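Participant: Sequence and computational prediction follow.
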Amino acid sequence: MGTMMSELGLTSGCSPVLDLVFATTSSVIGARSFGADPDFIAALGREVVDGLLETGNMPVMKHIPGHGRATLDSHKERPIVDASRETLTATDFKPFVALRDTPWAMVAHVVYSAFDKELPASISPVMHDVIRNNMGYDGVLVSDCIFMESLRGTLPERVRQVLDAGFDIALHSHGTLAESEAAAKAASPLTAAAQKRIDAGKARLGTLKVDVRAAHAEVEDMFNSALVA
């Protein structure tokens, strides 16, 4: 995936997804999850993180601290997870803690009522502290897209909610030029701490150790051979 993105001039695939999946998990996570075992997810997530870094792509683990127990799609509604602190720490949080050296992480628009009964993690100062202090994550924290309807208010208000909660970046991923301008005007310059985290992440990006086109040709040959077989 990293070599393909590099060939296309892309610099990040916003991966890996470290959310657990359960029978009740919203289909918005679905097959993007590696499964229900936190240790297995962490092991496969590590391969993705290291592979992306090696190919010069920025890994972004998501959706910290875990979207798996959410039964609703945060694009459309505000999910509430009522699991206890002990359960979340032992399961959902575990892959993110194991991969806390990942340079970037995307924050879920999910309410974790054991910590904050009202606000989604992405706009909750309480959850910001949980991620930074309890989970020990010191990389760049970017919100999930502010267009998602788990958040409320105008786009500029949503930008301010994310930044005022202490997170580094509010993600605005689509929309009109006017909407982009309004969101940008609501934002403030990157803090010195955020810029330091961004620079630290960039410093970890490696150079390609394989010839991209040769690697693609090899994979294509393997795929064609499998089809013939």
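Facilitator: Yep, it's here.
Participant: all strands for the chain, in order.
Facilitator: 60-64, 80-81, 104-107, 111-112, 140-143 (DSSP state E).
Participant: Quick one: those as a markdown table, columns for distance to residue 159 too.
Facilitator: Yep, even glycine has a C-beta here, placed from its N, CA and C like the rest. Shown next, in a markdown table, are the strands of the chain (distance: least, C-beta to C-beta, whole Å):
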| stretch | distance to residue 159 |
| --- | --- |
| strand 60-64 | 19 |
| strand 80-81 | 23 |
| strand 104-107 | 14 |
| strand 111-112 | 20 |
| strand 140-143 | 9 |
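Participant: With residue 129 as the reference, name the closest of those.
Facilitator: Residue 129 sits nearest to strand 140-143 of all these, at 11.6 Å, using C-beta to C-beta.
Participant: got the CA coordinates for the closest one in CSV?
Facilitator: Extracted in CSV, the C-alpha atoms of strand 140-143 (Å, rounded to 0.1, in the frame of the first residue of the first chain):
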residue,chain,number,x,y,z
VAL,A,140,-0.1,14.6,16.6
LEU,A,141,-3.8,14.5,17.4
VAL,A,142,-6.2,15.3,14.6
SER,A,143,-9.9,15.1,14.8
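Participant: Could you pull up the mean pLDDT of it?
Facilitator: When pLDDT is averaged over strand 140-143, the result is 98.
Participant: Name the spans of the chain whose pLDDT lies under the cut-off.
Facilitator: 207-220, 222-223, 226-229 (pLDDT under 70).
Participant: hmm, back to that, ranking the strands of the chain by mean neighbour count, which comes first?
Facilitator: strand 60-64 (a mean of 27; mean count of other C-beta atoms under 10 Å).
Participant: Can you name the residues in contact with that one?
Facilitator: 12, 14-19, 45, 49, 95-96, 99, 102, 104-108, 110, 121, 131, 135, 137, 141-142, 144 (C-beta atoms under 8 Å, 6 or more residues apart in numbering).
Participant: can you map out the helices along the protein?
Facilitator: Secondary structure of the chain (DSSP state H): helices at 2-7, 38-54, 85-90, 94-98, 125-129, 155-164, 177-186, 192-203, 212-228.
Participant: Pretty sure residue 130 sits against residue 114.
Facilitator: No: between residue 130 and residue 114 there is no contact under C-beta atoms under 8 Å: 9.9 Å.
Participant: Mind checking which of those two has more residues around it?
Facilitator: More crowded of residue 130 and residue 114, by other C-beta atoms under 10 Å: residue 130, with 23 against 16.
Participant: how about stretch 136-149: buried residues?
Facilitator: For stretch 136-149, the buried set under the neighbour-count rule, 16 or more other C-beta atoms under 10 Å, comprises 137, 139-148.
Participant: ok, now stretch 125-138?
Facilitator: 126-128, 130-131, 135, 137.
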